[in-house]
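Colleague: Fold the following.
(chains A and B)
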Amino acid sequence: MSDYDPQVIEPKWQERWLADGTYEIDNDDPRPPFYVLCMYPYPSGAAHMGHVRNYTFGDLITRYRTMGGYGVLSPMGFDSFGLPAENAAIKTGEHPRTFTDARIEELRSSIRRIGAVYDWRREVHSHDPEYIRWTQWIFLKFLDAGLAYRKEAPVNWCPGCQTVLANEQVLADGTCERSGDVVEKRDLEQWFFRTTVYADQLLDDLDPLEWPERVKVMQRNWIGRSEGAEFDMNVVDADGRAFGGDPDLVLRVFTTRPDTSFGMTYTVVAPEHPLVERITSPERRGEVDAFVAMVRSESEVERQSTDAPLDKRGVFTGSYALNPFTNEPVPVYLADYVLMGYGTGAVMAVPGEDQRDWDFAAAHGLPIIETVQRPAGWTGEAYTDDGPHVNSGFLDGMTKDIAIAAAIDWLEVQGHGERKVNYRLRDWLLSRQRFWGCPIPVVYCESCGILPVPEADLPVLAPDEVEFRPTGESPLREHEGFLHTTCPSCGGPARRETDTMDTFVDSSWYFLRFCDPANDELPFGIDAVSRWMPVDQYIGGVEHAILHLMYARFFTKALSDLGAVPADLREPFSRLFTQGMIRLGGAKMSKSRGNLVTPEHYIESVGADSLRLFHLFVGPPQDDVDWDDKGIEGCHRFLARLWRMARGEVGTIVDREPDAADGAAEAAAHRLVKKVTGDFERWSYNTAVAACMENLNELYRYAQSEAGARRGSLDVAVDFLLLLTAPMVPHLSAELWEQRHGTHVHEQSWPVADEAMLSAETVTMVIQVSGKVRDRVEVAPDISEDDAVALAMASDAVRSHLGDGEARRVVARPPKLVNVVP
RNA sequence: GCCCGGGUGGCGGAAUCGGCAGACGCGGCGGACUCAAAAUCCGCAGUCCUUCGGGGCGUGAGGGUUCAAGUCCCUCCCCGGGCACCA
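Modeller: This next block holds a predicted model:
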């Protein structure tokens, strides 16, 4: 007799899976393909609980689908570019590569210690020269297709990170999502990917994806599609004459409510609008200049979080815009709340039907016209709901949708403007002024301009002999050897791009490289991609709900259109699961909070299987988890009980002809197979574990009963239990299965319940009076409605609750329930 | 403000299609084993009342639909998340 000792069996099986290549998968594997992927981690050192949780789910699916007969692709790699390595280099002088490689070693081995299995032959690192080659290759394809471009733009500059950030990396309060510093606006030449050309597809293609609804909602909000119209207004003076004598001076506005145009009483322009100079009258110049200067001096945070009164947030320009619908001039204002980066940077204001316009109009004493009939009893200010239009010329009497269409038609016929869709989504700013990233493979030639590095010269690698100093400048900028090159076109002197790519670029295609990781002619072969993609199950944290997923979707669509992946591959991840966070004492676990519990601690005490089981058992996988030491002990207790049961150390085991109890034990085993399989399919791991615990409790009672357990029946039950737990607690199941059968549990087929064994001899039928349970009887599962009613009426409990009264009505749902209504 | 989730014992949670509320685990209590403890095994347990047969109440609050509601509908409260001058 030997006790359950995870410290012995876990290393044994981890080595076995690796040595046997159990989970290595070839691209010509005959089994039907299934691609399961956990978001590849940034290598920050030993695995933390979030990793364990993620990889426990992924590993369960890998093993479950393998036992189900699939050829499962389950790869792992490392998102190995990023700021921490560079910051460490500045601090210690250690090269980011050696720093990163050491952390990859650490993380890889701690992932192995939780028993998660992968085809390690496919491992990729974003900082590997081969990976860099193909990231750059893709960049050049995008550049060639016009999907990558360079422009000067007001960008988000983080003084803490000393780099620009994508819009997505700036939080709503105007701070950097990494460092928390207040982000500044700077005008710099930067590289962009043209994500906006896919805005509609990124939005529409979300619909059929089996993703958590809230992730889809976040993506839709981020894309922020809004339909409306754009139209031009002539800028005039108060009398309607061309402003400043310039008849070509027009202001273009975007609106989602062209139906309310008759109610426009003023118009508002962003302070950064290029026409500000020309639409300002000499008398208003002083105030306008002061206002623009004030807005400029404000940081993005101040501007966004201002609670200044509205009369201070806008200024009259002295010019007017001619409302094409009424031919009436309306005053043109500047206001800080109008954003230059959205639409045309100018809006028409309709205070009657827009609350913000109402507030601004009230503060500036501007007129308010109602163009939508208010319902009786309406007491509010701006009215944004539907209703018949009034004071609106040819739109009078129409409801909103009809009026919008009519207004746009009119604009188009008159030549003032047209239907227009706007998006909140912006192009992806991908250049970073950092060293530890994938270099952008272009050169600048005095005479030829911006040129791509020829494909044959890829990869462009950063030099090793660089000095890291806390100047905030990338060491590449002053590295003469790297900087100077020759122009691939004219052969003259040229300068290399020193910016590197956002690390989200690397993670936007790693799932494709996993399909064909050794390909040295292309980033991936189209056949390999066609075989595995899209990913059947993607698993990761909800913190990537917007950025990573949006970028990966953009890459997939772009690569599909460029012919690098199959034309019908439009989405990378058909099913997505986002796991909950781990909290300790109500707060998110993190190094900075100092409330970390480390997986290593538990692996060394109760073992990886107990740790995995706890993650599965503690609650629904999508919910946040409160860490609980006691809970993990309960899981360990269950495994120790299973160990003793499977080794025949519980109760008495005899050989005999099967009796009723033996049949019941076997029937329970078949019901368990059905239950656990169903629960796995619906991501209900906590109930699957509970069902296994319940089953083991029954087996204990069975084996410890006076009559003991029949060997054959107990074997059936225990073997099923080991097969069912094999994806959850793989070391323990593998060890016990080997002890009992000498074979590998993970090479067995997933068990199938015998339908004939599922129907019990009798079931409990509930008897209610007025919906309250008053009695229970054991009945045959196929009892007739008449028999069920007769049984109910014969019940003493029913008769006493009925008293002298008659049953007015009887609802029978045999064999589950009969409800007698007096 | 808008859009999603969610609110069930002392705690984590279960109840998959409107049909036994509280599975399973933790913690608690009792018993067995033991000189004793740990470990292990067995059992009890929503809450209140009880003549010990049982009965009342109970899934954030209030209303409704139904023979029957944690589950469906309406109003509201609270918690978590996302978005938020996007015209």
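
Colleague: Please enumerate the strands of the stretch 401-550 of chain A.
Modeller: With strands called from DSSP state E, counting those that start in this stretch, the stretch 401-550 of chain A shows them at A:417-422, A:428-429, A:431-432, A:442-445, A:449-452, A:484-486, A:493-496, A:500-501, A:537-541.

Colleague: Quick one: low-confidence residue ranges for chain A.
Modeller: By pLDDT under 70, the low-scoring segments of chain A are A:1, A:167-168, A:172-174, A:299-301, A:304-307, A:471-472, A:585-588, A:590-595, A:760, A:804.

Colleague: redo that, cut-off 50
Modeller: For chain A, no stretch is flagged by pLDDT under 50.

Colleague: Spatially central residue for it, please.
Modeller: Of all residues in chain A, the one closest to the mean position by C-alpha atoms, centre = their mean is residue A:545, 2.4 Å from it.

Colleague: Am I right that it is in contact with residue A:576?
Modeller: No - counting by C-beta atoms under 8 Å, residue A:545 does not reach residue A:576; the two are 9.0 Å apart. (Each C-beta comes from the backbone N, C-alpha and C, glycine too.)

Colleague: Spell out which residues are contacts of both of those two.
Modeller: Between them, residue A:545 and residue A:576 share these contacting residues under C-beta atoms under 8 Å, 6 or more residues apart in numbering: residue A:215.

Colleague: Kindly reformat the strands of the stretch 401-550 of chain A as TSV containing mean neighbour count.
Modeller: Formatted as TSV, the strands of the stretch 401-550 of chain A follow (neighbours: other C-beta atoms under 10 Å):
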stretch	mean neighbour count
strand A:417-422	16
strand A:428-429	24
strand A:431-432	26
strand A:442-445	20
strand A:449-452	14
strand A:484-486	14
strand A:493-496	17
strand A:500-501	24
strand A:537-541	22
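
Colleague: Which one of those lies nearest to RNA strand B?
Modeller: Among those, the nearest to RNA strand B by C-beta to the nearest atom of the strand is strand A:417-422 (5.9 Å).

Colleague: Kindly tell me how buried residue A:10 is, as a neighbour count.
Modeller: Look at residue A:10: counted by other C-beta atoms under 10 Å, it has 22 neighbours.

Colleague: For it, which non-adjacent residue is closest in space?
Modeller: With sequence-adjacent residues excluded and distances taken as C-beta to C-beta, 6 or more residues apart in numbering, residue A:10 is closest to residue A:731, at 4.6 Å.

Colleague: ok, the one you found to residue A:51 distance?
Modeller: Counting by C-beta to C-beta, to the nearest Å, the gap between residue A:731 and residue A:51 amounts to 18 Å.

Colleague: quick one, which of these two is more surrounded?
Modeller: Using other C-beta under 10 Å as the criterion, residue A:731 and residue A:51 rank with residue A:731 on top: 24 against 19.

Colleague: Quick check: that one is in a helix.
Modeller: Yes - judged by DSSP: H, G, I helix; E, B strand; the rest coil, residue A:731 forms part of a helix.

Colleague: pretty sure it is touching residue A:5, no?
Modeller: No - judged on C-beta under 8 Å, residue A:731 makes no contact with residue A:5 at a distance of 10.7 Å.

Colleague: related to what we said a few turns ago, select, out of the strands of the stretch 401-550 of chain A, the one closest to residue A:144.
Modeller: strand A:449-452 (7.3 Å; C-beta to C-beta).

Colleague: hmm, who's touching that closest one?
Modeller: Residues outside strand A:449-452 that contact it (C-beta under 8 Å, 6+ apart) are A:140, A:143-144, A:150, A:441-445, A:487-489, A:494.

Colleague: Who does that strand pair with, and is each partner parallel or antiparallel?
Modeller: strand A:442-445 (antiparallel) (DSSP bridges).

Colleague: Restrict the strand it pairs with to CA atoms and write it as CSV.
Modeller: Presented in CSV, the C-alpha positions along strand A:442-445 are these (Å, rounded to 0.1, in the frame of the first residue of the first chain):
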residue,chain,number,x,y,z
VAL,A,442,12.3,50.3,-44.5
VAL,A,443,15.1,52.7,-45.5
TYR,A,444,15.1,56.4,-46.3
CYS,A,445,17.0,57.5,-49.3
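
Colleague: Just the helices from the stretch 151-300 of chain A, written as ranges.
Modeller: Counting by DSSP state H, counting those that start in this stretch, the segments of the stretch 151-300 of chain A that form helices are A:199-204, A:213-223, A:285-297, A:300-305.

Colleague: Ok, which of these comes nearest RNA strand B?
Modeller: Comparison of the helices of the stretch 151-300 of chain A against RNA strand B by C-beta to the nearest atom of the strand identifies helix A:213-223 as nearest, at 3.6 Å.

Colleague: give the contact list for the closest residue to residue A:568 other than its chain neighbours.
Modeller: Using C-beta to C-beta, 6+ apart and skipping residues adjacent in sequence, the residue nearest residue A:568 is residue A:560, 7.8 Å away. If a contact means C-beta under 8 Å, 6+ apart, then residue A:560 has A:566, A:567, A:568, A:569, A:570 as its contacts.

Colleague: Would you mind measuring from the fourth one to residue A:209?
Modeller: Translated: residue A:569. Note on residue A:569: its distance to residue A:209, by C-beta to C-beta, is 13 Å.

Colleague: Now for these two: what residues contact both?
Modeller: In terms of C-beta under 8 Å, 6+ apart, residue A:569 and residue A:209 are not both contacted by any residue.

Colleague: quick one, what contacts the residue in the stretch 401-550 of chain A that RNA strand B sits nearest to?
Modeller: The stretch 401-550 of chain A approaches RNA strand B most closely through residue A:424 (4.1 Å), counting by C-beta to the nearest atom of the strand. Counting by C-beta under 8 Å, 6+ apart, residue A:424 makes contact with A:221, A:222, A:223, A:224, A:225, A:342.

Colleague: got a winner among those residues for most neighbours?
Modeller: Using other C-beta under 10 Å as the neighbour test, the contacts of residue A:424 are led by residue A:223, with 21 neighbours.

Colleague: isn't that one right next to residue A:422, touching?
Modeller: No - Residue A:223 lies out of contact with residue A:422 (C-beta under 8 Å); the separation is 10.7 Å.
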